[in-house]
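Build the 3D model from these lines:
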Amino acid sequence: MGLTIVEKILARHAGKTCVKAGEVVVAEIDYAMVTDTRAINTIKMIDKFGDKPLRFADKTSLVLDHYSPPPTLEAAEIHSEMRRFAQERKTNLYDLGDGICHQVLPEGGHLTCGDLVVGTDTHSVTYGAFNAFGTGVEGTDVSAVMMSKKLWFKVPETVRIELQGRLAPGVWAKDITLSMLGRFGAEGLNYRAIEYVGSAVSAMDIDDRMTLCNHAAELGAKAAILEPDEKTFAWLKAHGAREPLPTFADGDAQYAQRFVVDASSLAPQVARKHEVDDIVAVTEIERQAIRFALIGTCTNGRLDDIRQAAAVLKGRKLAPGVRMIVTPASRQIYLAALREGLIETLIAAGASFEAAGCGTCVGITNHLVPGDGDTVISTANRNFKGRLNNKNADIWLGSAATVAASALTGFITDPRTVEGGTWRSVA
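Below you'll find the predicted structure:
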C-alpha cells in the first residue's frame, strides 16, 4: 500500500520504510526555528541542563520578529537574552528587521525538498511550499530538538485537494485559501495534512505557493505540502539550499478525503469581520467603507503582494480618510521592492512602510490601532475581534490586490474592476 508525501517524509526521518496515519514515531529534525514569543521557554529549559552540549544548535534559528520593534522593556529584555543565547550556544540569529520567520528560513537556504522542519509558530506549515514537512511546536519542544535532534509525531491523515485550471487575472492563492476556509471552516481540517496538487498549483509562482500553504494553519492543518517542480528547484538553488530530495505520493496512497476544485472559476474572496471562515465573494459586498488597509504579514508580505498593490496604486492616491501600512516579509523583499520602484509608488500614493516583522499583524507594536467603528481590510491570516487592540473595530481579510483596490476606492472593492487589479505575475 502506497504512502502520501507526509507519510514518506516522516517514515524516512524515523528510520522506517513505512508509517501510517495515527502511528506515533520519533523522527530526526532537519531544521528548527524559535520566535521571540516562545524563546524564553526554550532558553529556560536548556539552561536547566547547564552546559549540556546542543547537538542541533547550528541547525536552529532564533528570530526576532513578533516584538519588532520591542514595544516594552520586557520584550527588549527577551531580545537581549536571545542575542546572548545565540552567541554563547552558536545558534543562528535573525535580528530586528531581518524579517518574519517563515520568510527568512527559506530565504536563508535552511530547508529543502523532503525536509522535516519545526518552528514555534502555527504558520510553520508555510515550508510545505518547498515540499518540506513544516509544522508548529512549542518552545520546550525545540529545547528537546536542540539537545537530541529528535521529536515525536503522530502521523496525520492526509486530505488531497486537486486545484484544476488556472487562477484568473486578479485572483490569487489568498482567494483559494479563503475559499477553503469557507468550505471546511476554521479548524475544519484539524491535525490533518493537506496535499495541494493540480494545474492551478503548477501555474503558481513561489510567492503564491507560500500563501497557499501558510493559510492552512487557520484550517487547523498539521501540515500543507506541495509536489516539487522546476520552479521549486530553481528557487531553492538561488537561495543556497541543500540538494533537494523531491518527495511525491505513491499512486495508491491512502487519503482521508479527496476533493477536486475548479480554480479557474474562483472570484476574489473576503473574510468578513471577526470570523476567518465567514467567506463571501467580493462581488457580494456592497459599499462597505474602510478606513485602514494593511498589506504584509507571513501570509501576504512577499514581493508579488507588493507588486499587486503597486499595480493598482501607481500614479494614484489613497481614498480620502484611508490609511495604508505595508510590512514586507523580509529585508530582502524590502530591498527588492525598493530596486523595482514599488516603495516609491506606494509612498507616493499615501502608504507608509514598516520594517519587516510580525508586530503590526499581531497588534503587539500598536503601530496600527483602528478607531471605534473603523473597518480594516488586511492581507493578514486572522481577523479575530480585538486583534488590532480595539474590539470596537472590524477586520476583513483579502488578497493584496483586493486590499489595494479597496484602499483606492475607500470601499471593499473587486480588484478586477480597477485599472491594474488584474496584474498577474509571469509563471
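
Which element, helix or strand, includes G371?
Assigned by DSSP states H and E, G371 falls within no helix or strand.

thinking E138 is in contact with N41, fair?
Yes - using C-beta atoms under 8 Å, E138 is in contact with N41, at 7.0 Å. Where you see a C-beta, it was placed from the backbone N, CA and C, and this is true even at glycine.

more crowded one of the two?
A count of neighbours by other C-beta atoms under 10 Å puts N41 above the other of E138 and N41, at 17 against 13.

Report how many residues lie close to the closest residue to A309 other than its chain neighbours.
Among residues not flanking A309 along the chain, A404 sits closest, at 3.9 Å (C-beta to C-beta, 6 or more residues apart in numbering). Neighbour count of A404, defined by other C-beta under 10 Å: 35.

mind listing what A404 touches?
293, 295, 308-309, 311-313, 415, 421 (C-beta atoms under 8 Å, 6 or more residues apart in numbering).

Which residue, other than its chain neighbours, is closest to P106?
F130 (6.0 Å).

Revised request: answer the last question for V322.
Nearest residue to V322, sequence neighbours excluded (C-beta to C-beta, 6+ apart): A407, at 5.2 Å.

isn't there a helix covering that neighbour?
Yes - counting by DSSP: H, G, I helix; E, B strand; the rest coil, A407 is part of a helix.

mind checking how far it is from E88?
For A407, the distance to E88 equals 46 Å [C-beta to C-beta, to the nearest Å].

These two - which one has more neighbours?
The neighbour comparison of A407 against E88 (other C-beta under 10 Å) goes to A407, with 31 against 9.

So the more buried one is in contact with I290, correct?
Yes - look at A407 against I290 with C-beta under 8 Å: they come within range, at 7.2 Å.

shared neighbours of the two, anything?
Shared contacts of A407 and I290 (C-beta under 8 Å, 6+ apart): 322, 377.

Return the backbone torsion pair for L163.
Backbone torsions of L163, given as degrees, to the nearest 10, read phi -100, psi 100.

residues contacting it?
Contacts for L163 (C-beta under 8 Å, 6+ apart) come out as 176, 196-201, 261, 263.

give me that answer again for 6 Å
Contacts for L163 (C-beta atoms under 6 Å, 6 or more residues apart in numbering) come out as 198, 200-201, 261, 263.

Give me the pLDDT value at the residue nearest to R89 when sequence neighbours are not counted.
Computed as C-beta to C-beta, 6+ apart, the closest residue to R89 that is not its neighbour in sequence is A57, at 5.0 Å. For A57, the pLDDT comes out at 92.

quick one: A57 and T91, what's the gap?
Noted for A57: a distance of 5 Å to T91, by C-beta to C-beta.

ok, those two, which is more surrounded?
When A57 and T91 are compared for neighbours, T91 comes out ahead with 21 against 18, by other C-beta under 10 Å.

Next secondary structure element downstream of the lowest-mean-pLDDT helix or strand in the chain?
Every helix and strand of the chain was ranked by mean pLDDT, DSSP states H and E. The lowest is helix 359-362, at a mean of 72. Sequence-wise, the next helix or strand downstream of helix 359-362 (DSSP H and E) is strand 375-378.

For that following strand, list the C-alpha coordinates in PDB.
Output of strand 375-378 as PDB, limited to C-alpha atoms (Å, rounded to 0.1, in the frame of the first residue of the first chain):
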ATOM      1  CA  THR A 375     -13.100  48.900   9.300                       C
ATOM      2  CA  VAL A 376      -9.700  47.400   8.400                       C
ATOM      3  CA  ILE A 377      -9.100  45.400   5.200                       C
ATOM      4  CA  SER A 378      -6.000  43.300   5.600                       C
END
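
Partner strands of it, with direction?
Sheet pairing for strand 375-378, assigned by DSSP bridges, gives strand 292-296 (parallel), strand 394-397 (parallel).

Packed most tightly, which of the ones you listed would that be?
strand 292-296 (a mean of 28; mean count of other C-beta atoms under 10 Å).

Quick one: distance of that strand to the chain centre.
What separates the centre of strand 292-296 from the centre of its chain is 15 Å, taken as C-alpha atoms, centre = their mean, to the nearest Å.

How about residues contacting the following helix or strand past it?
Remark: after strand 292-296, the chain's next helix or strand is helix 297-300, criterion DSSP H and E. Contacts of helix 297-300 with the rest of the structure, by C-beta under 6 Å, 6+ apart, involve 100, 102, 123, 174, 211, 214-215, 361, 379-381, 400.

Can you flag which of those belong to helices?
102, 174, 211, 214, 361, 400 (DSSP state H).

Using pLDDT, spot the least trustworthy of the residues you listed.
Lowest pLDDT of these: C361, 70.

Run a quick check on it versus T379, I expect a contact.
No - under the criterion of C-beta atoms under 6 Å, C361 is not in contact with T379, lying 9.0 Å apart.

since we're on L335, how many residues are nearby?
12.

From N92, how far out is it?
Distance, L335 to N92, by C-beta to C-beta: 20 Å.

now swap in C361 and tell me
Counting by C-beta to C-beta - C361 and N92 are separated by 23 Å.

Restricting to C-alpha, output the longest helix that the chain contains in PDB.
Counting residues, the longest helix found in the chain (DSSP H) is helix 73-89. Backbone C-alpha positions of helix 73-89 (Å, rounded to 0.1, in the frame of the first residue of the first chain) are rendered in PDB as follows:
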ATOM      1  CA  LEU A  73      11.100  46.800  28.400                       C
ATOM      2  CA  GLU A  74      10.200  43.100  28.900                       C
ATOM      3  CA  ALA A  75      10.200  42.500  25.100                       C
ATOM      4  CA  ALA A  76      13.600  44.300  24.800                       C
ATOM      5  CA  GLU A  77      15.000  42.100  27.600                       C
ATOM      6  CA  ILE A  78      13.700  39.000  25.700                       C
ATOM      7  CA  HIS A  79      15.600  40.100  22.700                       C
ATOM      8  CA  SER A  80      18.800  40.700  24.700                       C
ATOM      9  CA  GLU A  81      18.500  37.200  26.100                       C
ATOM     10  CA  MET A  82      18.100  35.700  22.700                       C
ATOM     11  CA  ARG A  83      21.200  37.500  21.400                       C
ATOM     12  CA  ARG A  84      23.200  36.300  24.400                       C
ATOM     13  CA  PHE A  85      22.000  32.700  23.900                       C
ATOM     14  CA  ALA A  86      22.700  32.700  20.200                       C
ATOM     15  CA  GLN A  87      26.200  34.000  20.700                       C
ATOM     16  CA  GLU A  88      27.000  31.600  23.600                       C
ATOM     17  CA  ARG A  89      25.400  28.500  22.100                       C
END
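
Sounds good, over and out.
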